[in-house]
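In: no sequence on this one, just coordinates:
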């Protein structure tokens with residue numbers, strides 16, 4: 001999530017016992033705090049202050065809690081899974097359709113990526129919960145309106161006629177439109193709404209959100225991805241920002257580092273909102289292949305639009321071919337995926353905690369957890385060969401330039417557990433991850449953006465709903481597929 005250096009400092013918080021309801025994410029507290037006097041009491045807002053209530057989700061929380069042998073883990077799960085519903089959702093109606101505006105937490109804006117990921121864990125409950133279906137339809141409709149405002153933007157305002165109030169975005173040199181909160185072109189920003197739409201359709205069979213306006217937005221998605229192959233020049237997008245951090249702006253008059261047009265799709269910023277070194281971000285392109293193929297299926301089965309389906313499939317196939325030709329890195333252990341490439345033969349290996357990441361590829365449907373290319377890539381990413389892998393007294397995990405060295409992101413630990421193989425070694429990985437996640441919350445009962453590898457009380461973002469929801473999703477996944485791992489840890 002993007003924020004200025006000053007904002008980053010403000011977001012380094014300690015315990016805020018009421019984190020989760022109105023205004024709590026904005027309050028500052030001591031950075032060295034102890035757990036609450038009454039451990040394991042709920043940190044959810046009082047029922048009358050919750051933004052949205054899903055009976056199906058609440059019933060699942062109660063049922064899964066009874067199956068968790070560790071009281072602290074059960075408490076974390078009950079706090080984290082409903083955090084998006086409890087604190088970030090505003091539900092309404094626009095043009096007779098459901099509308100849902102979903103903020104990230106302590107930043108009052110809706111990221112296409114975050115909002116998609118935040119409601120994803122609730123899809124298994126949507127078929128049986130009409131209110132939850134209305135909420136997710138509202139998110140899909142809001143995504144459509146955002147994409148039609150500007151498919152190059154990553155974050156949007158609740159009021160489509162308003163101008164951004166983000167201090168760090170006020171002077172950006174780009175085509176800043178009303179309704180846009182920030183305009184960093186990130187390929188994954190177009191993939192996440194596709195993933196949510198496809199996941200909702202598969203989970204519920206409901207085709208109501210996929211109307212003519214949705215089809216128009218999907219054509220805008222395809223047009224934008226094609227433009228960002230940059231086969232006929234740099235295209236319409238450029239971005240510059242006056243900032244101390246180099247990761248906040250783009251070189252070469254705002255068009256980014258040079259590339260050779262090889263069929264890959266440019267992404268000028270990573271899902272962390274940090275600028276790419278090389279503009280072909282490999283995890284995002286792999287994610288795009290999956291998302292485009294999902295769009296092709298929906299265009300055929302739901303929209304009955306053969307032309308759209310053909311175009312989506314063709315772009316997916318072209319991107320997949322280019323990835324196999326240009327995005328593999330040779331190492332002594334065998335080939336792995338690079339993190340970024342430029343088409344000239346230059347390759348960068350690292351991994352960033354935000355998804356899409358190399359670690360998250362099976363989670364996003366790119367490959368199986370036991371695919372050899374992924375297993376080698378995963379092992380390298382979770383090692384000292386990744387400059388943003390950190391190991392300390394509290395935990396180990398990946399981070400990224402966004403919060404700096406030594407700062408482990410709980411999201412990376414959760415993703416490691418979600419991609420652990422179904423083996424004895426994989427079970428041991430999950431147990432380690434659960435211990436690290438418990439050690440990282442610093443008494444707050446919630447996941448954070450990042451924490452110091454040696455001091456969990458030094459953390460950023462006490463109200464980060466995506467990280468909370470992802471942790472809740474992990475526990476749900478374990479309850480369904482590896483319940484023995486929850487019985488004691």
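Out: Right, received. Where do you want to start? All values reported here derive from a predicted model rather than from experimental measurement.
In: Pretty sure residue 441 sits against residue 447.
Out: Yes. Using CB atoms under 8 Å, residue 441 is in contact with residue 447, at 6.6 Å. All C-beta atoms are positioned from the backbone trio N, CA, C, and that covers glycine.
In: For those two, indicate the residue with more neighbours.
Out: Shown here are residue 441 and residue 447; by other CB atoms under 10 Å, residue 447 has more neighbours (30 against 25).
In: before we move on, back to that, joint contacts of residue 441 and residue 447?
Out: Listed contacts common to residue 441 and residue 447 are residue 76; contacts here mean CB atoms under 8 Å, 6 or more residues apart in numbering.
In: Grab the nearest non-local neighbour of residue 138.
Out: For residue 138, ignoring the flanking residues on the chain, the nearest one in space by CB to CB, 6 or more residues apart in numbering is residue 100 at 3.1 Å.
In: In a strand, that neighbour, correct?
Out: Yes. Counting by DSSP: H, G, I helix; E, B strand; the rest coil, residue 100 falls inside a strand.
In: I'd like to know how many residues surround it.
Out: 24.
In: Report the contact partners of it.
Out: Residue 100 neighbours (CB under 8 Å, 6+ apart): 89, 90, 91, 92, 135, 136, 137, 138, 139, 141, 142.
In: in stretch 389-406, what's buried?
Out: Neighbour-count burial for stretch 389-406, counted by 16 or more other CB atoms under 10 Å, picks out 389-390, 394-403, 406.
In: Just checking the distance from that stretch to the centre of its chain.
Out: 18 Å (CA atoms, centre = their mean, to the nearest Å).
In: what does that stretch rub up against?
Out: 8, 247, 270, 272-274, 350-354, 357, 359, 381-383, 386, 388, 407-410, 412-413, 416, 436-437, 439-440, 449-456, 460.
In: Can you select the buried ones among these for me in ChimeraX?
Out: The following ChimeraX line selects those of these that are buried, judged by 16+ other CB under 10 Å:
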select :8,247,270,272,273,274,350,351,352,353,354,357,359,381,382,386,388,407,408,409,410,412,413,416,436,437,440,449,450,451,452,453,456,460
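In: Give me the spatial nearest neighbour of residue 164, chain neighbours excluded.
Out: residue 181 (5.0 Å).
In: repeat for residue 427
Out: Leaving aside its chain neighbours, residue 427 sits nearest to residue 485 (6.1 Å; criterion: CB to CB, 6+ apart).
In: In helices only, show me the contacts of residue 100.
Out: Secondary structure defined by DSSP state H assigns 135, 136, 137, 138, 139, 141, 142 of the contacts of residue 100 to helices.
In: Show me the helices in the stretch 251-400 of the chain, by range?
Out: 251-254, 282-301, 306-326, 372-381 (DSSP state H, counting those that start in this stretch).
In: Pick the most buried one from those.
Out: helix 282-301 (a mean of 24; mean count of other CB atoms under 10 Å).
In: tilt between that one and helix 306-326?
Out: 160 degrees (axes from the mean of the first three to the mean of the last three CA atoms, to 10 degrees).
In: elements contacting helix 282-301?
Out: helix 188-204, helix 212-227, helix 306-326, strand 334-337 (3 or more CB pairs under 8 Å, 6 or more residues apart in numbering; DSSP states H and E).
In: hmm, try it at 7 Å
Out: helix 188-204, helix 306-326 (3 or more CB pairs under 7 Å, 6 or more residues apart in numbering; DSSP states H and E).
In: can you tell me which residues contact the nearest residue to residue 329 once chain neighbours are set aside?
Out: Spatially, and ignoring its direct neighbours in sequence, residue 329 is nearest to residue 338 (4.3 Å; CB to CB, 6+ apart). Taking CB atoms under 7 Å, 6 or more residues apart in numbering as the criterion, residue 338 is in contact with 282, 327, 328, 329, 347, 348, 349.
In: May I ask which two of those are separated the most?
Out: 328 and 348 (13.1 Å; CB to CB).
In: Spatially nearest residue to residue 209 (excluding sequence neighbours)?
Out: Residue 209 sits nearest to residue 140 (CB to CB, 6+ apart), 4.3 Å away.
In: what pLDDT does that neighbour get?
Out: At residue 140, the predicted lDDT confidence score is 98.
In: Quick one: residues contacting it.
Out: So residue 140 contacts 196, 197, 200, 209 (CB under 7 Å, 6+ apart).
In: can you list the residues you listed in TSV and add distance to residue 241, pLDDT and neighbour count?
Out: Compiled in TSV, the contacts of residue 140 are given as follows (distance: CB to CB, whole Å; pLDDT from 0 to 100; neighbours: other CB atoms under 10 Å):
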residue	distance to residue 241	pLDDT	neighbour count
196	29	98	23
197	31	98	26
200	34	98	24
209	34	98	24
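In: Which single one of those is nearest to residue 423?
Out: residue 196 (30.6 Å).
In: residue contacts, that closest one?
Out: Taking CB under 7 Å, 6+ apart, one finds 116, 119, 120, 139, 140 in contact with residue 196.
In: what residues are up against the third one?
Out: The neighbourhood of residue 120, defined by CB under 7 Å, 6+ apart, consists of 196, 199.
In: And it, how far from residue 81?
Out: Here the criterion is CB to CB, to the nearest Å. By it, residue 120 lies 12 Å from residue 81.
In: ok, now the second one?
Out: Applying CB to CB, the value for residue 119 to residue 81 is 12 Å.
In: ok, the contacts of residue 140 vs residue 157, which is closest?
Out: Nearest member of the contacts of residue 140 to residue 157, counting by CB to CB, is residue 196, at 19.9 Å.
In: re earlier: return the set of residues that bridge with the residue nearest to residue 138.
Out: Per DSSP bridges, the residues bridged to residue 100 are residue 91.
In: Nearest to residue 155, out of the helices and strands packed on helix 282-301?
Out: When the helices and strands packed on helix 282-301 are compared (using CB to CB), the closest one is helix 188-204, at 8.6 Å.
In: Give the buried residues for that closest one.
Out: Quick answer for helix 188-204 (16+ other CB under 10 Å): 188-201, 203-204.
In: who's in contact with residue 472?
Out: Residue 472 touches 77, 80, 81, 121, counting by CB under 7 Å, 6+ apart.
In: now those in a markdown table, with distance to residue 254, secondary structure and pLDDT?
Out: Supplementary listing: these in a markdown table, determined by distance: CB to CB, whole Å; DSSP: H, G, I helix; E, B strand; the rest coil; pLDDT from 0 to 100:
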| residue | distance to residue 254 | secondary structure | pLDDT |
| --- | --- | --- | --- |
| 77 | 44 | helix | 98 |
| 80 | 38 | helix | 98 |
| 81 | 40 | coil | 98 |
| 121 | 37 | helix | 98 |
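In: Between those, identify the one with the most neighbours.
Out: residue 80 (30 neighbours).
In: nearest to residue 53, of the contacts of residue 196?
Out: Distances from residue 53 to those, taken by CB to CB, are shortest for residue 119, at 14.5 Å.
In: And the closest one, how close does it get to residue 179?
Out: 21 Å.
In: Over to residue 309?
Out: Applying CB to CB to residue 309 and residue 179 gives a distance of 30 Å.
In: cool, and residue 362?
Out: Taking CB to CB, one finds residue 362 at 35 Å from residue 179.
In: chain center to stretch 133-145, what's the gap?
Out: Centre to centre, stretch against its chain (CA atoms, centre = their mean), the figure for stretch 133-145 is 17 Å.
In: again, but for stretch 161-175
Out: 22 Å.
In: What of stretch 200-212?
Out: 22 Å.
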